[in-house]
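> take this sequence and fold it.
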Amino acid sequence: MPAGNAVTHNGRGSKFGGGCLISLGIEGTAYKLGVGIVTDKGEILANVSRVFSPKKGGLKPREAAQYYAENISSLIRESLEKANLSARDIDIVSFSQGPGMGPCLRVVATAARSLSLGLGIPIVGVNHGVAHIEIGRLITKLEDPLVLFVSGGNTQVITFQDRRYRVIGETMDMALGNCIDRLGRELGLEFPWALSVQELAKRGEKFIELPYIVKGMELSFSGLLTSALEKIGKVRPEDLCYSFLETSFAMLTEVAERGLTLTGKEELLLCGGVGALDRLKEMLKEMVSEHGAKLGVTPPEYSVDNGAMIAWTGILYYKSGTKHKIEETVVKQRFRIEEVEVNWR
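Presented below is the predicted three-dimensional model:
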């Protein structure tokens, strides 16, 4: 457990002894609504979720927010039952403050405020990207990794310096996860689109040349996506998905390799929902082995958006001296990871 300027707490989690601190975290930035319960020892007591699956087209924020509102109370109860706790055992409530879809974030923030006021416990707003990194560090045991964060809304290469996570490379346009989802939708595949694209790609036989755009530590995926969409109906879907993933993952591997060289780090952490795809892990594993480095991959249940990552990061915030007043819990749709002062490291 990283040291910090710990603050006192009531330690109501008496079932775990020694004044154990227990955090309930609520995640809700896009498709997935998640609730997790974690102790300050890093024990994950519950991690439950429900996924908004659009019937047609892409994600519509207001429809997702309505789904959240209809499910959040029962999901919190489910998490408490799974952890064998009552609401009175919770010491702090944490929530994803951003970045993400505004309507979704507001539902989550409202639920967290209600718990904080109703139970009389502190509330902590957590940066979604920081949470992905910290749950990855917890589970993989990596100390100071270069981070490759790849999800529906983010594609970034991140390093830690001077008590902040610094983005040293990222997409210049679209996040890769968004591109993969769009390709899956246009091909008429089933949700979740990324997994469906992966399954088709595994049956690909012919590589199709697609735009490969890397400029130093920056990447561009919009041209890759446009070219792929233009080829729908003209080539086998299996070959198109195979070529799309091979090309985009090679781009990611290149910037990750350059990042290791630039920073001199000996560890690479892969996190975010796209990190659950097999071929990306294979490419990165081969690359880091050539550099004598170590690859840590956040397991699928924690690489996708989840409540446990919010609960754990809320503990790190709180024990290093950060807690928020209710009026400070306004959501931030464009909450950059560099804005967070990482006092626990």
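> just the strands in the protein please.
Along the chain, the stretches classed as strands by DSSP state E are 22-28, 32-39, 44-51, 92-98, 123-127, 146-150, 155-161, 164-170, 214-215, 218-219, 267-271, 294-297.
> return the most buried member of those.
Neighbour counts (mean count of other Cβ atoms under 10 Å) averaged over each of these peak at strand 22-28, with a mean of 30. Yep, even glycine has a C-beta here, placed from its N, CA and C like the rest.
> next, the angle strand 32-39 makes with that one.
Computed by axes from the mean of the first three to the mean of the last three Cα atoms, to 10 degrees, the angle separating strand 22-28 from strand 32-39 equals 170 degrees.
> output strand 22-28 as PDB, restricted to C-alpha atoms.
Output of strand 22-28 as PDB, limited to C-alpha atoms (Å, rounded to 0.1, in the frame of the first residue of the first chain):
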ATOM      1  CA  ILE A  22     -13.900   0.200   3.000                       C
ATOM      2  CA  SER A  23     -14.700   2.200  -0.200                       C
ATOM      3  CA  LEU A  24     -17.700   1.800  -2.400                       C
ATOM      4  CA  GLY A  25     -17.000   3.000  -5.900                       C
ATOM      5  CA  ILE A  26     -19.400   3.800  -8.700                       C
ATOM      6  CA  GLU A  27     -18.300   3.800 -12.300                       C
ATOM      7  CA  GLY A  28     -20.400   5.200 -15.100                       C
END
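> now the lengthiest helix in the chain: buried residues?
As assigned by DSSP state H, the longest helix anywhere in the chain is helix 237-263. Of the residues in helix 237-263, those scored as buried under the neighbour-count criterion (16 or more other Cβ atoms under 10 Å) are 237-249, 251-260, 263.
> one more: stretch 309-319?
Residues 309-319 are the ones in stretch 309-319 that count as buried (16+ other Cβ under 10 Å).
> how about these in CSV, adding pLDDT and distance to residue 145?
Formatted as CSV, the entries for the buried residues of stretch 309-319 read as follows, by pLDDT from 0 to 100; distance: Cβ to Cβ, whole Å:
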residue, pLDDT, distance to residue 145
309, 98, 16
310, 98, 20
311, 98, 21
312, 98, 16
313, 98, 16
314, 98, 21
315, 98, 20
316, 98, 16
317, 97, 20
318, 98, 23
319, 97, 21
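> isn't residue 168 up against residue 217?
Yes. If you go by Cβ atoms under 8 Å, residue 168 and residue 217 touch, sitting 5.7 Å apart.
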